[in-house]
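In: Structure for this input, please:
(3 chains)
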Amino acid sequence: MTEAIFDSTRALNPAQLEAVQHIEGPLLIVAGPGSGKTRVITHRIAHLNQIGVYPSQIAAVTFTNRAAREMRNRLERLMGEKSKYLKAGTFHSFSAMILRRDGEAIGIPQDFVIMDDDDQLNLIKQSMEITQIDPKRFQPRAILSTISSSKSKLLGPEALSNAASGYFEEIVSRVYTEYQKLLMQNHGLDFDDLLSRTVELLKNSDEIRDKYQQRYQYLMVDEFQDTNTAQYQISREITKSHRNLAVVGDPDQSIYSWRNADITNILSFQKDYPETKIIHLSQNYRSTGNILEAAKNVIRPNQKRIDHELFTDNPDGELVFITEAYTEEEEATGALTEVQRLIEEEGFNLRDCVITYRVNAQSRALEEACIRYGIPYKLVGGVRFYQRKEIKDLLAYLRLLQDPYDEISLERIINVPSRAIGKRTFDELISWSRNLEIPPYTALQLINDQSSTLQMPFNNRQQKQLCEFITLLNNLKDLANELELAELIDAVMDQTGYKKNLLQSDEPDAEDRLDNIREIRGLATDFNGLVSKESLPSFIENATLVSEQDSLEENEQQYLTLITLHQIKGLEYPVVFMIGMEEGLIPHARSMDDPDQIEEERRLAYVGITRAQSRLYLLRSIRRRMYGMTSPAIGSRFLRDIPLQLIQTPRMARSSKAHAIKIENVVEMPRNEEIAYPFKAGDKVSHASFGEGIVVNCSERPGDFEITVAFVGNVGIKRLLNSYAKLVKSAANDGT
DNA sequence: GGTTTTCACGTTACG
DNA sequence: CGTGAAAACC
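Out: Numbering: from 1, shown residues only, chains lettered A, B, ... in the order given. Here you go, the predicted model:
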């Protein structure tokens, strides 16, 4: 029935071909790294189209805009113009579209604003003030993250306080209730609401659910291991009648559980769809045999794992390089000199290489070394474009012009640039308007009204400043009816004095900030031909929802990429350097006492390793500076899982003779079970002040061992660090 | 109301 | 050590 497969599918292997051609009903594709997953998805869509499904009837959901864009690009190559009709985007953009159209059915205002992280935190702080919860005892961030987690599990405030019902949950529940109220007042939806309220809408209204089911006959979800409960529910609702839901994922690459991704969705999927077809894509096309073998050995010890044997027909290639440096500076220079060698001697270029690490702080030493060596680099991450202060300020102005009742934006910019309306005046304004039961914007209009005889809590100076501000705002609002968006942005920058303020400031990055403003102005020219009033809503929604990772990859410039292990997921490079392969960094110290978190750290290491196509370098430092002080670090347990025969003696250039890198240390590092524990449970020991005791447990700590000893008498059980405790094995123990 | 000083704190980050 | 936010200062 499906003979009309276009040529390019011929090169697909049998599993891939099956995944492409299995059309009706639920489908679970477990796709290992480098298994051609994206290719399968795009071919599947093209194939659907070929057998008569319109692209507009297919929705493909990804987790990042980058992935969506890549998919669209590939599809355009595969099926040309028609690809434009495909709906490819994130769950969030999908949900925003649905709620914009049909959200009113469950009481969502059509002009809702999407609240980003900053706005959320702000509202949380306000909610804590209202509920009189001390931000010193309970960190606003921790509360926000618990609320966010509840929302992604579709739990309301009541459910939160009932379910786990600890004291903390009780507190959070109170803030949560208040926070939702504030969101409502501001016509705001946060990112979690976008998802959970879409679920609510689809569950509540059969009519609306039917509409979207009709509309999207086939739904594909990429990176399924990263879905949270709300996202999975959206997928289920939209495919409820036809059940044409195809999900693609790799449980071994699940590294976002801390962001509420729920790996058990994969299990739920198989339970919810007993008729599901499961296809494993096990052939790796990306990496050399040795690199894949190393990766498999690193991931294998995970207990909670569906074993899934990967293989490759690629040549074995070079062995994996494992190298240690003495300091992080040496680690950085070691990597960079090797990069230079690869370029000079082996024909790689800078863009082929990537340096990846666990925590952002590690990039500092690398950056400094790059500058010293004159190597151009690109630091991925940092403050994202739409999170930058100047961009957020501008957007706040624009949001205010679209909806002057937006209190959050008002607060943000009422004194930016500084116009002598401080916190005190603003608070006064808010409480005054609350008393009058009018929005702050209306209150401002009243202040400006000369004929008004109302009693106002402001002195002459305050009143004057507020009048000036509201006049400015009203002027700009009028301009929004006349000017195109790009011109409006110019007007905002000029009339508010923002630009002047930046130009006069002695901030070193003022010029960068202006560049960013220019960049966003450039984006606004897409809406030329429309009056701002018309284009503002979608421009603003785009800005919050589609924060593209600057204009990555597009150009031909040569630079070295510095990136965290989390952000590198989904990418591949011929040469990968993983630095800081140490206990405490990977696995991270914060993950040490939870086996589940250790498993996630392991997956993170696996993700890093599997990015490499032909060369893999694992680096560690013997001493590492952290929080200003240097301390010894021991090699990551994940290094020990790589069999010796896969490891190569490094020929990395040395920063100095005196600091020659010793491979022997790595090779001779204790392997899996061979950790040389100083004591074992049952050993009789004595301590200078605690006296005689028996060892209960002995476990590894970064650069040390922790020994739990039960001492005789009423000293009791103590947990001691081996290096300090100076425990002595009792004579009675010797020789037995 | 704006500026400087002190203090606490420190993982990862998609939309 | 470096940063961001609150507290103390002008």
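In: Could you see whether DNA strand B lies near stretch A:431-442?
Out: No: Stretch A:431-442 is not in contact with DNA strand B by C-beta under 7 Å from any atom of the strand; minimum separation 13.5 Å. The way it works is simple: take the backbone N, C-alpha and C, and place the C-beta from them, glycine included.
In: What average pLDDT does that stretch get?
Out: Computed over stretch A:431-442, the mean pLDDT rounds to 87.
In: for stretch A:528-546, same thing?
Out: Rounded mean pLDDT across stretch A:528-546 is 89.
In: Also stretch A:386-401?
Out: 88.
In: which residues does A:Asn49 contact?
Out: Contacts for A:Asn49 (C-beta atoms under 8 Å, 6 or more residues apart in numbering) come out as A:Pro55, A:Ile58, A:Met79, A:Lys82.
In: Show the subsequent helix or strand relative to the helix ranked longest in chain A.
Out: Counting residues, the longest helix found in chain A (DSSP state H) is helix A:460-480. Using DSSP states H and E, the helix or strand that directly follows helix A:460-480 along the chain is helix A:485-495.
In: Which strands and helices lie in contact with that following helix?
Out: With contacts taken as 3 or more C-beta pairs under 8 Å, 6 or more residues apart in numbering; DSSP states H and E, helix A:485-495 sits against helix A:389-402, helix A:460-480, helix A:498-504, helix A:510-524, helix A:532-545.
In: Go through those helices and pick out the most buried.
Out: Ranked by mean neighbour count, the helices and strands packed on helix A:485-495 are led by helix A:389-402 with a mean of 21 (mean count of other C-beta atoms under 10 Å).
In: Which elements pack onto it?
Out: helix A:407-413, helix A:460-480, helix A:485-495, helix A:498-504, helix A:510-524, helix A:532-545.
In: again, 10 Å this time
Out: Packing partners of helix A:389-402 (3 or more C-beta pairs under 10 Å, 6 or more residues apart in numbering; DSSP states H and E): helix A:117-130, helix A:407-413, helix A:460-480, helix A:485-495, helix A:498-504, helix A:510-524, helix A:532-545.
In: I'd like to know which residues of the stretch 551-700 of chain A are adjacent to DNA strand C.
Out: A:Tyr627, A:Gly628.
In: in the stretch 551-700 of chain A, which ranges drop under the pLDDT threshold?
Out: A:551-555, A:649-677, A:681, A:697-700 (pLDDT under 70).
In: so who does the residue in it that DNA strand C sits nearest to touch?
Out: Across the stretch 551-700 of chain A, the shortest distance to DNA strand C (C-beta to the nearest atom of the strand) belongs to A:Gly628, at 2.6 Å. By C-beta atoms under 10 Å, 6 or more residues apart in numbering, no residues touch A:Gly628.
In: Distance check, it against A:Ala361.
Out: In this view, A:Gly628 and A:Ala361 are 11 Å apart by C-beta to C-beta, to the nearest Å.
In: name the element the residue lying closest to A:Lys151 once chain neighbours are set aside belongs to?
Out: In space, and not counting its chain neighbours, A:Lys151 is closest to A:Asp192: 3.6 Å by C-beta to C-beta, 6 or more residues apart in numbering. Per DSSP H and E, A:Asp192 falls inside helix A:191-204.
In: is any part of that helix close to DNA strand B?
Out: Yes: using C-beta under 7 Å from any atom of the strand, helix A:191-204 reaches DNA strand B at A:Phe191, A:Asp192.
In: tell me which residues in that helix are buried?
Out: A:191-203 (16 or more other C-beta atoms under 10 Å).
In: Just the buried residues out of the contacts of A:Asn49, in ChimeraX syntax.
Out: In ChimeraX, this line selects whichever of those come out buried by 16+ other C-beta under 10 Å:
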select /A:55,58,79
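In: which one among the contacts of A:Asn49 gets closest to DNA strand B?
Out: Using C-beta to the nearest atom of the strand, these come closest to DNA strand B at A:Ile58, 19.3 Å.
In: Sketch out the low-pLDDT regions of chain A for me.
Out: A:1-10, A:163-164, A:506-508, A:548-555, A:649-677, A:681, A:697-704, A:716, A:731-736.
In: What parts of it come near DNA strand C?
Out: Residues of chain A lying near DNA strand C (C-beta under 7 Å from any atom of the strand): A:Pro135, A:Tyr627, A:Gly628.
In: Now the residues you listed in CSV, please, with extra columns for secondary structure.
Out: Converted to CSV, the residues of chain A next to DNA strand C look like this (DSSP: H, G, I helix; E, B strand; the rest coil):
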residue, secondary structure
A:Pro135, coil
A:Tyr627, coil
A:Gly628, coil
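In: show me which of the residues you listed neighbour DNA strand B.
Out: Checking the residues of chain A next to DNA strand C against DNA strand B (C-beta under 7 Å from any atom of the strand), the matches are A:Tyr627, A:Gly628.
In: Now for the residue of the stretch 301-450 of chain A found nearest DNA strand B: which residues touch it?
Out: Closest residue of the stretch 301-450 of chain A to DNA strand B, C-beta to the nearest atom of the strand: A:Gly422 (2.0 Å). Residues near A:Gly422 by C-beta under 10 Å, 6+ apart: A:Ile414, A:Asn415, A:Glu428, A:Gln462, A:Gln465.
In: secondary structure class for the second one?
Out: Each residue gets one of three states, and A:Asn415 gets coil by three-state DSSP.
In: Repeat that for the third one.
Out: Going by three-state DSSP, the secondary structure assigned to A:Glu428 is helix.
In: so what's the backbone phi/psi at the nearest residue to it once chain neighbours are set aside?
Out: Once flanking residues are discounted, A:Glu428 sits nearest to A:Pro457: 5.3 Å by C-beta to C-beta, 6+ apart. Dihedral angles of A:Pro457 (phi, psi; degrees, to the nearest 10) stand at phi -90, psi 20.
In: what's the neighbour count on A:Pro457?
Out: 12 (other C-beta atoms under 10 Å).
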